[in-house]
Structure formats: structure tokens, C-alpha cells
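Participant: with the sequence up front, the predicted model follows.
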Amino acid sequence: MSPEHAIEVRGLAKRYGTLEAVRGIDFSVRRGTTTALLGGNGAGKTTTLSMLLGVLLPSAGEIHILGEDMRRHRYRVLPRMNFTSPYVDLPKRLTVRENLKVYAGLYGVPDTRGRIAELAGELDLDALLPRPYGDLSAGQRTRVSLAKALLNRPEVLLLDEPTASLDPDVGDRMRSLLENYQRRTGATMLLATHNMGEVERMCDDVIMLRAGQVVDQGSPEALAERYGHDNMEAVFLDIARREDRGVQA
Ligand code: ATP
């Protein structure tokens, strides 16, 4: 366990019956950086993030977050983490404000009212606070999900497609918000996304998954150079379409 790393994963695997969704992967995420978790549909990104959060039990392997063994001390670390996911909906009949209050309570956030007001300002949520969550558009829900993720000022943020269904303007503002949050707090972010522009803009490192295995990793610049491309979109297509490559380049 290196103090330089906020997240360390060794031999992590998940089987669903006979399907090996994640096949014994190793990776580390340096503190205060943003790492992209990339891969095509079904590559194992959401399964990996769910195991890091502790909502899914690994079939094998070890996860250390902020120096703690997640198998033994996950409750020490969970208050210092948070996540966004398009697959986790908030209660639909509660208003946005009520939802944020409930989560602030669960995370033990001091000065709930002040923190919600602060985030509503930053995420442009004031007009949405009194509305039932179920009435919101997909993009509006994504913004609320980001507010929920920042409520407890997490040191580690797991972001599963955090800008999915946002229009380009709001998407750009949400990226700036996350970048500012990281600059201010030194938070570590692990970001699963299909948006390669987002990776080029936000990510220091990239982990590339295919069929539950890490097939390559490195900085966006290093990967672009290794594959002879000038952008991450081309690198992604190149790696994702190589059927018979070994585990590492
Ligand atoms: P996407 O980009 O489509 O979100 P992903 O990389 O997040 O994909 P996962 O959702 O982790 O992929 O899925 C990895 C594999 O595990 C897929 O083959 C998927 O069908 C399978 N899988 C995921 N959840 C379950 C489950 N609850 N039961 C059975 N198989 C599952």
C-alpha cells in the first residue's frame, strides 16, 4: 500500500454465474489526480466501480482506498467517498431539496442547509430544489446526482458517466465544477466515461478495460504516442478493436 495512491486494486475479479465480468485486474489511482476507466459497453467499468464502493462483493481480490482495506474497514472510508451513477435513481416523490437533505443526513454533513444552498448555487439548482425529483429531465437529474456526490466534500469521487445526457453547455460547466473542486480540495477522481474529449481535458491517467481485463494504461499523451494517434477517440477505437492483444502493450 503506497501513500501516493488513493486507490489500489489487486487481482480484483467478479463472476456473475459463469460470466467473468472482471477478470483479476490490478490498478492504482494517484492521490489528487483524475483517472479514466475506459472500455466498450460491457467491459466491466460499472462492475469495478460498484466493487470499489462496496455495493457489490468481489469474487476475488483486494481493494485499498485511502489506506484502508475495504473488506475489513469499508465503514471507515465510505464517509470520505461519494459517487455519481446514472443507474442509481433518487426517490422520485421527494423534492430535490428533500432528497439532498436525506443524503446530507446519511453522510452526517454539518450545516446541511448551508451546504445545500452552496451546491445549489454552484450547480444552478435553485429553481429545481422545490420540484419532485421524478419530474426532472435526464440532464437535470444528472446535476442533482452531482450535487449529492459533493455533499460530504468527498476525498475520493467515483464518477460513472457524470456528464451523460447533459447538453454541451451544462456538460462543460459540470467539468469545470469538478476540476475546481479537485483544485480546491485535492480530491481523487476515478471517471468512467464514453466521452473522449472529457478524458483529454480532465484525466491524468487512463485505464483501458476490455472484456474484464486491463489491456493498457498510461497518460492520454503516452497512449496517443504509443498507438500513433493524436487523439483519445482514435486510441480508444484502436485498443477496443484489437481482439487478440495481450494484457499489456
Ligand atoms: P457500459 O459501458 O455498457 O455501461 P460497463 O463497462 O459498465 O458497460 P458492466 O456493467 O460492468 O460494463 O458489465 C460487465 C459485464 O457484466 C457485462 O457482460 C454485463 O452483461 C455483466 N453484468 C453486469 N451486471 C450483471 C448482473 N447483475 N448479472 C449478470 N451479469 C451482469
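Facilitator: The structure has been received and is ready for your questions.
Participant: going forward, measure contacts and count neighbours with C-alpha atoms only.
Facilitator: Fine.
Participant: which bits of the chain sit near the ligand?
Facilitator: Within reach of the ligand by Cα under 6 Å from any ligand atom, the chain has these residues: 16, 21, 39, 40, 41, 42, 43, 44, 45, 46, 47.
Participant: going through those, which ones are buried?
Facilitator: With burial judged by 16 or more other Cα atoms under 10 Å, the buried subset of the residues of the chain next to the ligand is 21, 39, 40, 43, 44, 45, 46, 47.
Participant: okay, and which of these map to strands?
Facilitator: residue 21 (DSSP state E).
Participant: dump the buried ones among the residues of the chain next to the ligand to a markdown table, plus distance to residue 27.
Facilitator: As requested, those are exported to a markdown table (distance: Cα to Cα, whole Å):
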| residue | distance to residue 27 |
| --- | --- |
| 21 | 16 |
| 39 | 15 |
| 40 | 18 |
| 43 | 15 |
| 44 | 14 |
| 45 | 13 |
| 46 | 15 |
| 47 | 15 |
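Participant: closest one of the buried ones among the residues of the chain next to the ligand to residue 117?
Facilitator: Checking these against residue 117 by Cα to Cα gives residue 46 as the nearest, at 30.6 Å.
Participant: report pLDDT for the closest one.
Facilitator: Note on residue 46: pLDDT of 94.
Participant: residues of stretch 26-34 that come out buried?
Facilitator: 26, 28, 29, 30, 31, 32, 33, 34.
Participant: list the contacts of that stretch.
Facilitator: The contact list for stretch 26-34 (Cα atoms under 8 Å, 6 or more residues apart in numbering) reads 4-12, 35, 182, 186-191, 202-205, 207, 214.
Participant: give me the buried entries from those.
Facilitator: Looks like those have 5-9, 11-12, 35, 182, 186-191, 202-205, 207, 214 buried, using 16+ other Cα under 10 Å.
Participant: wait, what's in contact with residue 58?
Facilitator: Residue 58 touches 12, 13, 14, 51, counting by Cα under 8 Å, 6+ apart.
Participant: for the first one, phi and psi?
Facilitator: According to degrees, to the nearest 10, the main-chain angles of residue 12 amount to phi -70, psi 130.
Participant: what ranges do the helices span in the protein?
Facilitator: Using DSSP state H, the helices found in the chain span residues 45-53, 70-77, 96-106, 112-122, 138-150, 168-185, 196-202, 220-227, 232-241.
Participant: go through the last one and flag the buried ones.
Facilitator: Taking 16+ other Cα under 10 Å as the neighbour-count basis, helix 232-241 is seen to contain the buried residues 232, 233, 235, 236, 239, 240.
Participant: can you add pLDDT and give these back as JSON lines?
Facilitator: Output for these, formatted as JSON lines (pLDDT from 0 to 100):
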{"residue": "232", "pLDDT": "93"}
{"residue": "233", "pLDDT": "93"}
{"residue": "235", "pLDDT": "92"}
{"residue": "236", "pLDDT": "92"}
{"residue": "239", "pLDDT": "87"}
{"residue": "240", "pLDDT": "82"}
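Participant: OK, contacts around residue 162?
Facilitator: Residue 162 neighbours (Cα under 8 Å, 6+ apart): 84, 85, 86, 142, 146, 191, 193.
Participant: ok, back up a step: for the buried ones among the residues of the chain next to the ligand, which one is nearest residue 98?
Facilitator: For these, the nearest to residue 98 is residue 46 (27.3 Å; Cα to Cα).
Participant: number of residues surrounding the closest residue to the closest one other than its chain neighbours?
Facilitator: In space, and not counting its chain neighbours, residue 46 is closest to residue 160: 7.0 Å by Cα to Cα, 6 or more residues apart in numbering. Taking other Cα atoms under 10 Å as the criterion, the count of residues near residue 160 is 22.
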